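Trainee: build me a structure from this.
(one chain, ligands or ions: 1)
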Amino acid sequence: MKTKRRDIDVRAFNRMAWDKNVEAGNPWTIPVDAAVIAAARRGDWEIILTPTKPVPPAWFPDLAGCDVLCLASGGGQQGPILAAAGANVTVYDNSPRQLAQDRAVAEREKLDIRTVEGDMRDLSVFAAGAFDLIVHPISNCFVPDVRPVWREAYRVLRRGGALLSGFNNPVIYLFDPDKEKAGVLEVRFSLPYSELETISEEERARHYGTDAPLEFGHTLQDLIGGQIDAGFVITGFYEDTFPGELISDYCDSFIATRAVKQ
Ligand SMILES: C[S@@+](CC[C@H](N)C(=O)[O-])C[C@H]1O[C@@H](n2cnc3c(N)ncnc32)[C@H](O)[C@@H]1O
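Mentor: As a prediction, this is how the structure comes out:
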């Protein structure tokens, strides 16, 4: 089922929506505290790409002097931890308020972090081969097309560099939201899912609120096949869950991959 496609500037809408999420205290906008940074300085650190599982330590290079791009990763979390662990960190995000969270931690902890506002599908502000590592936590559900993200990530990585990504398993976008609230998973939508055309504006507002970020459910062909098509070799994979979501009683609904530019 499709509704008439709405013509909205997704990037502008989601910038406003994520700025409002910062005001509202959404968990993905809360910066890490001083104890986390102090531990990271001692070499005791972890980060997440998905809701709960830490990224395996073996997925990281030596961070000393490593040029890291935290891609669509504002909020004062991954960026400050990696900087405290010794990396040269650039945080790139579409939300000025999310980037301000990273700057606030950097100032509080005397960390050197560069913040850049922009769209994850366009990294033209960075030269080819500028980074050794890209950390890309769940965020590509906020753009209608994910393949440009993989192509740009490939371009800005050095040979041997790795892209660590978290994303939704698109299965979460299949179900009727009314039935889900009543505890029933009933398939209603097909993939790819788009809040510009799969559901009406009225229904979206009723379920998620008018100011919620617009979401898109990409196919696995685009999420995993898209990385391979961009030139990456996938060398790591795990799944994760979101406790409290109905589907987590049946299967994991988040995926993380490690992809290398060889
Ligand atoms: C769930 S948060 C992820 C960041 C968080 N630090 C974490 O731990 O997961 C999603 C982020 O994606 C960013 N975002 C949404 N659309 C974007 C776009 N088109 N380009 C860059 N960033 C975007 C949002 O501003 C938000 O900071």
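Trainee: correct me, but Arg103 touches Arg114?
Mentor: No - using CB atoms under 8 Å, Arg103 is not in contact with Arg114, being 9.7 Å away. Quick note: C-beta positions are derived from backbone N, CA and C, even for glycine.
Trainee: looking at those two, which is more packed in?
Mentor: Between Arg103 and Arg114, counted using other CB atoms under 10 Å, Arg103 has the larger neighbour count: 19 against 15.
Trainee: mind checking pLDDT for the more buried one?
Mentor: For Arg103, the pLDDT comes out at 98.
Trainee: need the residues of the chain near the ligand, please.
Mentor: 11, 14, 18, 28, 72-75, 77-78, 93-95, 98, 119-120, 137-139, 142-143 (CB under 6 Å from any ligand atom).
Trainee: what do you get if the cut-off is 5 Å, keeping everything else the same?
Mentor: 14, 18, 28, 72-75, 77, 93-95, 98, 119-120, 137, 139, 142-143 (CB under 5 Å from any ligand atom).
Trainee: tell me which residue of the stretch 151-262 of the chain lies closest to the ligand.
Mentor: Pro213 (6.5 Å; CB to the nearest ligand atom).
Trainee: which residues touch that residue?
Mentor: Contact analysis of Pro213 by CB atoms under 8 Å, 6 or more residues apart in numbering lists Phe13, Asn14, Ala17, Trp18, Asn21, Phe142.
Trainee: kindly recompute the last result at 7 Å.
Mentor: Asn14, Ala17, Trp18, Phe142 (CB atoms under 7 Å, 6 or more residues apart in numbering).
Trainee: ranking these by neighbours, who comes first?
Mentor: Trp18 (25 neighbours).
Trainee: tell me the average confidence for the host helix or strand of it?
Mentor: Per DSSP states H and E, Trp18 falls inside helix 10-24. Helix 10-24 carries an average pLDDT of 98.
Trainee: what is it packed up against?
Mentor: helix 96-109 (3 or more CB pairs under 7 Å, 6 or more residues apart in numbering; DSSP states H and E).
Trainee: restrict the helix it packs on to CA atoms and write it as CSV.
Mentor: Output of helix 96-109 as CSV, limited to C-alpha atoms (Å, rounded to 0.1, in the frame of the first residue of the first chain):
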residue,chain,number,x,y,z
PRO,A,96,23.5,21.6,15.1
ARG,A,97,22.2,20.7,18.6
GLN,A,98,23.7,17.2,18.5
LEU,A,99,27.0,18.6,17.4
ALA,A,100,26.8,21.1,20.3
GLN,A,101,26.6,18.1,22.7
ASP,A,102,30.0,16.9,21.4
ARG,A,103,31.5,20.4,21.7
ALA,A,104,30.2,20.7,25.3
VAL,A,105,31.9,17.4,26.3
ALA,A,106,35.1,18.5,24.4
GLU,A,107,35.2,21.8,26.3
ARG,A,108,34.3,20.2,29.7
GLU,A,109,37.0,17.4,29.3
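Trainee: now the angle between helix 10-24 and that helix, please.
Mentor: Put simply, helix 96-109 runs at 50 degrees to helix 10-24, going by axes from the mean of the first three to the mean of the last three CA atoms, to 10 degrees.
Trainee: sheet partners, orientation included, of the helix or strand following helix 96-109?
Mentor: Note on helix 96-109: by DSSP H and E, the next helix or strand toward the C-terminus is strand 113-117. If you go by DSSP bridges, strand 113-117 pairs up with strand 88-93 (parallel).
Trainee: ok so, going back, so the residue of the stretch 151-262 of the chain closest to the ligand, which of the three states?
Mentor: Judged by DSSP: H, G, I helix; E, B strand; the rest coil, the three-state class of Pro213 is coil.
Trainee: which non-adjacent residue is nearest it?
Mentor: Excluding its sequence neighbours, the residue lying closest to Pro213 (CB to CB, 6 or more residues apart in numbering) is Ala17, at 4.0 Å.
Trainee: contacts only, for the one you found.
Mentor: Counting by CB under 7 Å, 6+ apart, Ala17 touches Asp211, Ala212, Pro213.
Trainee: name the nearest residue to the first one, ignoring sequence neighbours.
Mentor: Counting by CB to CB, 6+ apart, the nearest residue to Asp211 once its immediate chain neighbours are dropped is Lys20, at 5.1 Å.
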